[in-house]
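S.K.: no sequence for this one, just the structure:
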């Protein structure tokens, strides 16, 4: 996508930023990711994660001495996205988003907590690997935090968007048993009362899996509670919005690769004594895909520019994420229909892209609730203008 070079983001980056991104692109090249996909050693093993930390991936674009300002968050999101330019099947992006964006920025936002403050350096260095557990496995039976003298006891089941085998800690949200809202805490995954299960795996053994976590009376010390009440909600909304921008970027990256794949493999086919590229269905799909990719790329860049200028529009970001993942998924499914049953390379590529897009479609919020959030925002603005 090349966000660092996008005109809308001019003057946000300096030569050192470009150099750092280029070094990381070399480590996460298409060839490297393909090798990791075939390797029995997980991509998320401590040696690989430590090397990514040494190269400065986690929290890239952030200054150790500053809080996560809107400008710093925009820089970090754009640089992380450009580092992952070759991750066209979304093999590694979600885990890197968790560690490098969600975990780092949540810790920095909670810098007044001494435990969070002391974790920032080792998490950025890749020495401590983190997961997130924000979503309840059963919404009708949310995971509960019951207060005790020294903290909370945690019970219930949570989804793990990325179930990294060597992870040390998880950021999790829990419903307060007394109905005082949600709390966010740092959970020790080595606890005897925690069990993890792999539910879905993408690609080979080196690529991430999604899973769940069951907590049976797990003790959460008060010092490990990062935020609660309204303050915690504000922090969560800010971090999850940044994650949604990255989901949108991943969708557009996959869509761009899909366009290249369809052009290379399907256009030259012969259909009814003519080239497939001349068929109305093919031309209509190609026009729609290219137009949608261009619109989404510019919308993402404009949203990051707004963020850098301090205009953090969470409903707009929600709508952008929902639209990008929905449109990219629909175009991928359309391409699969165009490919037919020929069993070509493109058919296999398209199937992989469809699978990857589905993960981002539901990560950080599915389409319906995100669009409902955007619609409610428009209604509030309209009501304010009529007063």
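M.R.: On my side now, so go ahead. In this text, all values refer to a predicted model and were calculated from it rather than measured experimentally.

S.K.: okay, domains of the chain per the record?
M.R.: Residue ranges for the domains of the chain, per the TED database: 3-129, 131-230, 237-380.

S.K.: got the end-to-end distance for the first one?
M.R.: Right, the one you point to is domain 3-129. Using Cα to Cα, to the nearest Å, the end-to-end distance of domain 3-129 comes out at 27 Å.

S.K.: and for the last one?
M.R.: Taking Cα to Cα, the first and last residues of domain 237-380 lie 18 Å apart.

S.K.: tell me where the stretch 151-300 of the chain has helices.
M.R.: Counting by DSSP state H, counting those that start in this stretch, the stretch 151-300 of the chain has helices at residues 229-265, 280-308.

S.K.: got the angle between the longest one and helix 280-308?
M.R.: Put simply, helix 229-265 runs at 150 degrees to helix 280-308, going by axes from the mean of the first three to the mean of the last three Cα atoms, to 10 degrees.

S.K.: which helices and strands sit right next to helix 229-265?
M.R.: Counting by 3 or more Cβ pairs under 8 Å, 6 or more residues apart in numbering; DSSP states H and E, the packing neighbours recorded for helix 229-265 are helix 70-83, helix 93-97, helix 104-109, strand 182-188, strand 225-228, helix 280-308, helix 314-339, helix 345-362. All C-beta atoms are positioned from the backbone trio N, CA, C, and that covers glycine.

S.K.: can I get the domains of the chain in JSON lines including mean neighbour count?
M.R.: JSON lines is the format used below for the domains of the chain (neighbours: other Cβ atoms under 10 Å):
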{"stretch": "domain 3-129", "mean neighbour count": "19"}
{"stretch": "domain 131-230", "mean neighbour count": "18"}
{"stretch": "domain 237-380", "mean neighbour count": "18"}
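
S.K.: now tabulate these in CSV and tack on mean pLDDT.
M.R.: Compiled in CSV, these are given as follows (pLDDT from 0 to 100):
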stretch, mean pLDDT
domain 3-129, 87
domain 131-230, 84
domain 237-380, 83
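
S.K.: now residue 211: closest residue in space that isn't a chain neighbour?
M.R.: If you skip the residues right next to it in sequence, residue 211 has residue 163 as its closest partner in space, 3.4 Å away by Cβ to Cβ, 6 or more residues apart in numbering.

S.K.: distance of that neighbour from residue 220?
M.R.: Going from residue 163 to residue 220 by Cβ to Cβ, to the nearest Å gives 20 Å.

S.K.: check residue 275 too.
M.R.: Computed as Cβ to Cβ, the residue 275 to residue 220 distance reads 63 Å.

S.K.: same deal with residue 243?
M.R.: Residue 243 is 23 Å from residue 220, where distance means Cβ to Cβ.

S.K.: ok, now which ones touch residue 114?
M.R.: By Cβ atoms under 8 Å, 6 or more residues apart in numbering, the contact list for residue 114 reads residue 223.

S.K.: over to residue 21?
M.R.: Contacts of residue 21 (Cβ under 8 Å, 6+ apart): 4, 60, 79, 82-83.

S.K.: residue 361 contacts residue 332, correct?
M.R.: No: between residue 361 and residue 332 there is no contact, the gap being 10.4 Å when judged by Cβ atoms under 8 Å.

S.K.: on that earlier part again, so which of the helices and strands packed on helix 229-265 is nearest residue 172?
M.R.: Shortest distance between residue 172 and the helices and strands packed on helix 229-265, using Cβ to Cβ, is found for strand 182-188: 5.1 Å.

S.K.: tell me which residues touch residue 353, please.
M.R.: When the contact criterion is Cβ under 8 Å, 6+ apart, the partners of residue 353 are 88-89, 254, 257-258, 261, 332.

S.K.: what's the answer for residue 117, then?
M.R.: Taking Cβ under 8 Å, 6+ apart, one finds 107, 110-111 in contact with residue 117.

S.K.: also residue 144?
M.R.: Residues touching residue 144, when contacts are defined by Cβ under 8 Å, 6+ apart, comprise 154-156, 174-177.

S.K.: CSV please, covering the helices and strands packed on helix 229-265 and showing distance to residue 36.
M.R.: Formatted as CSV, the helices and strands packed on helix 229-265 follow (distance: least, Cβ to Cβ, whole Å):
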stretch, distance to residue 36
helix 70-83, 15
helix 93-97, 11
helix 104-109, 22
strand 182-188, 27
strand 225-228, 31
helix 280-308, 27
helix 314-339, 23
helix 345-362, 15
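
S.K.: between the ones you listed, which one is closest to residue 214.
M.R.: Each of the helices and strands packed on helix 229-265 has some distance to residue 214 by Cβ to Cβ; the shortest is strand 182-188, at 11.9 Å.

S.K.: okay, now the sheet partners of that closest one, with direction.
M.R.: Sheet pairing of strand 182-188 (DSSP bridges) gives strand 169-176 (antiparallel), strand 225-228 (antiparallel).

S.K.: distance to residue 279 added to those, as CSV?
M.R.: Written out in CSV, the entries for these read as follows (distance: least, Cβ to Cβ, whole Å):
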stretch, distance to residue 279
strand 169-176, 49
strand 225-228, 55
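
S.K.: between the strand ranked longest in the chain and strand 169-176, how many degrees?
M.R.: Within the chain, and with DSSP state E defining each element, the longest strand by residue count is strand 209-221. Going by the same axes, to 10 degrees, strand 209-221 is angled at 70 degrees with respect to strand 169-176.

S.K.: each with direction, which strands does strand 209-221 pair with?
M.R.: Partners of strand 209-221 in the sheet, by DSSP bridges, are strand 151-160 (antiparallel), strand 194-201 (antiparallel).
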